[in-house]
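# the following comprises the amino acid sequence and a computationally predicted model.
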Amino acid sequence: MQVELLKWLRDIDENSAADLISVCSVDLIYIDTLIAIGGERMTDLMDVQIGVPGRYYKKINDELKKEVEIVEEQTMEVATAIGIHIHQINWLPKIDDKTDMITKISIVTRQAIFDEITLNNISWSGRLEEPDFLNRLFDLSKLPSTDSRFDNAYDDIHKHRIMNYDWEDDWVFTDRRFNLLHCEEEILLKFLLLTINPVSRTDEEGVNQLIEIYNKHFIPIGLEVYEKSKIAGKSIFGFRSRDVMASKEEEIHPKQRKIALVIGCSDYEFAGHLSNPLNDASDMKKNLSELGFDVMHIENPTLKEMKIEIDNFGTELEKYDVGLFYFAGHGVQVNGLNYLIPVDANLKNERTVEYDCVRVDRVLTHMEASKTEVNLLILDACRNNPFERSWGRSVAQRGLAVMEAPKGSLIGYSTSPGKTASDGEGKNGLYTGCLVNEIKGVNVSITQLFQNVRKSVMRKSKEEQIPWESTSLTGDFYFNKRLK
């Protein structure tokens, strides 16, 4: 339940409460099953145990009291959404066991896996008969029968699954004798590993299908199936903690601290409305947050608001290793200098640009002064100049001018110098739409990422729009770096 609760808290912008729950453990303890009047609906009654590290536990009754209240309130909401009923919530001291590699696996994750096995008509016992499969994990001779004619689970299962075949194929996932929805993680993982063990399944396609299902649901919570050995040419699989692997990697390559400022301008007072910049900025904020950036975000800023936010970003940059600035809206070049246009700008001629707009150099100056290792400046601001007609400017002055990227920096433009970019026909602008589709690519370097974006934009625009970068990066940067 921890994964679902954490996502929920982030979605409703209760970030302080989310930060607290991210360092805790959240366990569901099965109490009973509630049966509604009429007997048609059953709901599991649970206790929630929240394990709190010592340095936070001593604060839950004072400094973290508000966060605790929010967590308890939203835990009830999430529980209702996933179909369980909470009896009580207990906050307990958490003593970390560094040798424990098994992440707590929620009921939601378990049910999703069982549902996929059922919907895909996969025989969980493979080539083994079901009682023989289960007898490798449980002593069926000592488990009770649901049929009064037998005194043990083995004979019971054999009768109803081998002889009569009158139980549903997914019966095992809800049978309380095995309790797969609520059992210890170790038991669940042994069950799943047996489904892909050569003793029960030898067809490679079937094994790979199950592994894909398991990793689809386990990787987001820090577990994965991997091939740990071979016996007689057959693969033997195990589970390993991706968190442990990541911590080892972090010892070699410490985690980078990353911050971004994301600005979107759509509602211009004197330049009309742009359809997509707010959507672009919102999607960039979401993706960057999920990729580990601390994101500052502002929509439709005035000149004063934009300058203040950029300067605040510059101050914060000094605490980080990576800085990223993203702008979607109108931009313009005058005499080779690039300016970002705030929503209250009324540019009657070129001379007013210097006073009513923000020079991009203002951002670059902060980046150079901060001494961050990597700085990224992404400008989806090469649309048509809305004031061009009153200025009488030539086509050659459209778009943005090329800027020299300071050491350790990359500047990305939505189109080539002096050209204009499409605001897009869908939810996003053409450039940002391609960028958000590519940005989460695993182990894709920043150089390859922008090459992929360029190819995508060129293909969709029939080569009328060609994104451009200016870079002086001295090493590789990855938005989504993972161990192979």
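In hand now; what should we look at?
# helix/strand/coil for Ala401?
In terms of secondary structure, Ala401 is coil; the call rests on DSSP: H, G, I helix; E, B strand; the rest coil.
# which residues sit against the helix ranked longest in the chain?
Counting residues, the longest helix found in the chain (DSSP state H) is helix 65-82. Contacts of helix 65-82 with the rest of the structure, by CB atoms under 8 Å, 6 or more residues apart in numbering, involve 1, 4-5, 8-9, 12, 14, 16-17, 20-21, 46, 48, 50, 60, 85-86, 89, 91, 107-108. (Glycine included, C-beta is placed from N, CA and C.)
# so Met46 sits in a strand?
Yes. According to three-state DSSP, Met46 belongs to a strand.
# so what's Ile259 up against?
Phe293, Asp294, Val295, Met296, Phe313, Glu316, Leu317, Lys319, Tyr320, Val322, Gly323, Leu324.
# shouldn't it be within a strand?
Yes. Under three-state DSSP, Ile259 sits within a strand.
# ok, back up a step: the contacts of helix 65-82 in strands, which ones?
Members of those lying in strands (criterion: DSSP state E): Met46, Val48, Ile50, His85, Ile86, Ile89, Trp91.
# which of those count as buried?
Met46, Val48, Ile50, Ile86, Ile89, Trp91 (16 or more other CB atoms under 10 Å).
# output the below-cut-off pLDDT ranges for this structure.
For the chain, the stretches with pLDDT under 70 are 30-42, 95-103, 231-232, 242-254, 382-399, 418, 420-425, 483-484.
# what's the distance between the residue of it most remote from its centre and His160?
The centre of the chain is farthest from one residue, Arg149, which by CA atoms, centre = their mean lies 51.6 Å away. Arg149 sits 11 Å away from His160, going by CB to CB, to the nearest Å.
# ditto for Ser229
On the measure of CB to CB, Ser229 and His160 end up 36 Å apart.
# of those two, which one has the most company?
Shown here are Ser229 and His160; by other CB atoms under 10 Å, His160 has more neighbours (19 against 9).
# how much space between the spatially closest residue to that one that is not a sequence neighbour and Trp124?
Spatially, and ignoring its direct neighbours in sequence, His160 is nearest to Trp167 (4.8 Å; CB to CB, 6 or more residues apart in numbering). According to CB to CB, Trp167 and Trp124 sit 13 Å apart.
# compare these two (neighbour count), which wins?
The neighbour count for Trp167 versus Trp124, taken as other CB under 10 Å, is higher for Trp124 (22 against 16).
# the nearest residue to that one once chain neighbours are set aside: what's it in contact with?
Nearest non-adjacent residue to Trp124, counting by CB to CB, 6+ apart: Thr195, 5.3 Å away. Residues in contact with Thr195, defined by CB under 8 Å, 6+ apart, are Trp124, Ser125, Gly126, Arg201, Leu210.
# hmm, who's touching the helix or strand where the last one lies?
The reference is to Leu210. Here Leu210 sits within helix 204-218, counting by DSSP states H and E. Helix 204-218 is contacted from outside by 105, 109, 112-113, 116-117, 120, 122, 126, 192, 195-196, 201, 224-225, 235, 237, 239, using CB under 8 Å, 6+ apart.
# how about the strands in this protein?
Ranges of strands in the chain, per DSSP E, are 25-35, 42-53, 84-94, 223-231, 234-241, 258-264, 293-299, 322-328, 331-334, 337-340, 358-359, 374-380, 409-413, 468-471.
# quick one on the thing from earlier: from the contacts of helix 204-218, list the buried ones, please.
105, 109, 113, 116-117, 122, 126, 192, 195-196, 201, 224-225, 235, 237, 239.
# nearest residue to the residue nearest in space to the middle of the chain in space, please, no chain neighbours.
By CA atoms, centre = their mean, the chain has its centre lying nearest to Glu290, at 4.4 Å. Nearest residue to Glu290 in three dimensions, chain neighbours excluded: Lys440, at 7.5 Å (CB to CB, 6+ apart).
# and the one you found, how close does it get to Ser235?
Taking CB to CB, one finds Lys440 at 29 Å from Ser235.
# now do His182
If you go by CB to CB, the gap between His182 and Ser235 works out to 30 Å.
# and the spatially closest residue to Asp169 that is not a sequence neighbour, what is it in contact with?
Excluding the flanking residues, the one nearest Asp169 by CB to CB, 6+ apart is Thr118, at 6.8 Å. Contacts of Thr118 were listed using CB under 8 Å, 6+ apart, and they are Asp169, Asp170, Phe173.
# quick one on the thing from earlier: columns distance to Gly206 on top of the buried ones among the ones in strands among the contacts of helix 65-82, output as CSV?
Output for these, formatted as CSV (distance: CB to CB, whole Å):
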residue, distance to Gly206
Met46, 34
Val48, 37
Ile50, 39
Ile86, 38
Ile89, 41
Trp91, 44
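# nearest to Leu137 among those?
Distance to Leu137, by CB to CB, is smallest for Met46 among these, at 24.5 Å.
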